[in-house]
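*Asks:* sequence first, predicted coordinates after that:
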Amino acid sequence: MIELTHFTENTMTTLKELLAQKDELEAQIEAIRLSERAGAIEQALALITDYQLTQLDLFKNESPASPAEYKRPVAKVKAKYRDPATGKEWTGRGRQPRWISESGKDQSEFLIDKITSEERDLPIQSEL
């Protein structure tokens with residue numbers, strides 16, 4: 001078997017030795033990081049308490065944490081259809097409500113523009 005070596009000033013280091021040193025260094029780095037992290041958390045908590053900082057103060061410039069927060073606000077759509085019997089409304093988007101599909105009438109008969117002023121005074125109950 002051929003052993004890979006690195007020559008420096010009369011010393012020969014094998015790949016296995018270097019990898020072992022790397023693992024030792026990574027373990028030392030992690031141990032120091034953890035010990036310093038505890039101190040950093042203590043300092044941060046002390047500053048938060050002293051200055052009465054809130055989450056908004058600390059993270060107001062951060063990007064949203066979840067994809068749900070990326071959604072833009074949805075504009076409310078004006079209703080196009082109204083059930084004259086109940087006053088329920090439908091925008092014309094999505095599944096057709098039962099009060100239209102089970103009526104046996106044409107959808108255009110429920111257009112809000114065709115409804116009389118008396119029927120418009122019924123309480124509004126959105127149905128999507």
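*Replies:* Okay, I see it. Small disclaimer: the values here were computed from a predicted structure and weren't measured.

*Asks:* ok, Asp83 - how many residues close by?
*Replies:* 20 (other CB atoms under 10 Å). Backbone N, C-alpha and C define where each C-beta goes, glycine included.

*Asks:* tell me which element the closest residue in space to it that isn't next to it in sequence falls in.
*Replies:* Of all residues not flanking Asp83 in the chain, Trp99 sits nearest, at 4.4 Å (CB to CB, 6 or more residues apart in numbering). Here Trp99 sits within helix 98-101, counting by DSSP states H and E.

*Asks:* tell me the buried residues in that helix?
*Replies:* Under the neighbour-count criterion of 16 or more other CB atoms under 10 Å, helix 98-101 has 99-100 buried.

*Asks:* where along the protein do the helices fall?
*Replies:* When secondary structure is read from DSSP state H, the chain shows helices at 15-51, 55-59, 98-101, 117-120.

*Asks:* can you flag the weakest of the ones you listed by average pLDDT?
*Replies:* Of all the helices of the chain, the minimum mean pLDDT falls on helix 117-120 (a mean of 55).

*Asks:* domain-wise, how is the chain divided?
*Replies:* 5-57, 81-126 (automatic domain parsing).

*Asks:* circling back: now for the helix holding Trp99, which elements pack on it?
*Replies:* If you count contacts as 3 or more CB pairs under 8 Å, 6 or more residues apart in numbering; DSSP states H and E, helix 98-101 packs onto no helix or strand.

*Asks:* brilliant, that's me finished.
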